[in-house]
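J.: requesting a structural model of the entry that follows:
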Amino acid sequence: TLETNIIQKEQIEKKNKEITDSIHYAKYIQKAILPREDKLAKLLPDHFVMYNPKNIVSGDFYWVTEVEGRVILATADCTGHGVPGAFMSMLGVSFLNEIVNKEYITHPGIILKRLRKEVIHALHQEGTIGEQRDGMDIGLCSFDFTASELQFSGANTPIYIIRTKDKETITADNIVEFGEQVLYEIKGDNMPIALYEKMEKFELFEIKIHKGDCIYLFSDGFADQFGGANKKRFQYKAFKQLLLENCTKPMKEQKQMLESEFEKWQDGFEQIDDVMVLGIKI
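T.: Sure thing, here's the model as predicted:
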């Protein structure tokens, strides 16, 4: 009957509101564990963070700290988005605090290896058939600004470094040139922070950094977004081009440009994943 329908509708709306309110509150908690803007500004004076969760809370997170005279920075993309992703991100942050802040480990490859061990242990992953493959993809940098050196390790996550042609070249997996700028892509390892067929140690990349270099870490949300006239994914090729064309602008403007490009591209399409891009200018 009509009356039953109205009652059911009201019950559903009430439940929905309760759940949404609760997730909105969780967003405050998640925001509290992400690095505060003043801390980021102190450790990485010239930077931007584009952070757009798909559903209120996010499975993407970024993390920064300073130990032993080095600045350690991580960006991660956890399995899932929304609530499950956010739970994973909380785990990731607390493990990183443990490994880096309490044990003073600054070697990116070792941090990732330890993180993988902790995640497997916490989620009781044993490799049985049909088991959930939860975990995260993560890019981790360790900066020594006095020695102008960057160490990087990646689990299914690349790093982009853009610098002018006149500066020394970087050994990279992919190189894209545009005008005076060159983008170097270092891919990291093809394995996640989770139980996986391949469980080797994570390779360490050491790069000399120069004043003016732009460094980008990101999750796959931007490049994977559907949109545009042909309703296709944005793709990494276009993402690289976008960064190359705008890398000489101040960081704040680069962020605005990325956000407006993303909005323009998405145009009416649902956001399919959490989006995060973090840029640093040396």
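J.: around A122, how many other residues sit close by?
T.: Per other CB atoms under 10 Å, the neighbour tally for A122 reads 13. Glycine gets a C-beta too; all of them are placed from N, C-alpha and C.
J.: and it, what does it touch?
T.: Going by CB atoms under 8 Å, 6 or more residues apart in numbering, A122 touches L91, F95.
J.: how much space between it and V93?
T.: In this view, A122 and V93 are 13 Å apart by CB to CB, to the nearest Å.
J.: again, but for G80
T.: 16 Å.
J.: same check, this time on K167
T.: 34 Å.
J.: who's more crowded, these two?
T.: Set side by side, K167 and V93 give different neighbour counts by other CB under 10 Å, the larger being at V93 (19 against 14).
J.: so for the helix or strand harbouring that one, mean pLDDT?
T.: Secondary structure from DSSP states H and E places V93 in helix 82-96. On average, the pLDDT along helix 82-96 is 93.
J.: which of the residues in it are buried?
T.: 82-83, 85-93, 95-96 (16 or more other CB atoms under 10 Å).
J.: list the helices and strands it packs on?
T.: helix 2-33, strand 60-67, strand 70-78, helix 108-122, strand 136-144 (3 or more CB pairs under 8 Å, 6 or more residues apart in numbering; DSSP states H and E).
J.: now the terminal residues of stretch 102-112, how far apart.
T.: Stretch 102-112 has an end-to-end distance of 15 Å (CA to CA, to the nearest Å).
J.: now it: mean pLDDT?
T.: Mean predicted lDDT for stretch 102-112 stands at 97.
J.: now what about that stretch, what contacts it?
T.: 67-68, 70, 72, 96, 99-100, 114, 138, 140-142, 151-153, 155, 193, 201-204.
J.: then stretch 256-263 to CSV, C-alphas only?
T.: Taking C-alpha atoms only, stretch 256-263 is exported to CSV below (Å, rounded to 0.1, in the frame of the first residue of the first chain):
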residue,chain,number,x,y,z
GLN,A,256,44.3,24.8,-9.9
MET,A,257,45.1,23.8,-13.5
LEU,A,258,44.9,20.1,-12.6
GLU,A,259,41.7,20.5,-10.8
SER,A,260,40.0,22.5,-13.6
GLU,A,261,41.3,20.1,-16.2
PHE,A,262,39.9,17.1,-14.2
GLU,A,263,36.6,18.8,-13.8
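J.: for that stretch, list every residue counted as buried.
T.: M257, L258, E261, F262.
J.: TSV please, covering the residues you listed and showing distance to K249.
T.: Below are the buried residues of stretch 256-263 laid out as TSV (distance: CB to CB, whole Å):
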residue	distance to K249
M257	7
L258	11
E261	13
F262	16
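J.: from these, which is closest to N52?
T.: Proximity of the buried residues of stretch 256-263 to N52 (CB to CB) peaks at F262, which lies at 7.5 Å.
J.: residues contacting the closest one?
T.: M50, N52, F222, Q225, V275.
J.: L278 and T169: what is the separation?
T.: Counting by CB to CB, the gap from L278 to T169 is 24 Å.
J.: neighbour count: these two, which is higher?
T.: A count of neighbours by other CB under 10 Å puts L278 above the other of L278 and T169, at 25 against 10.
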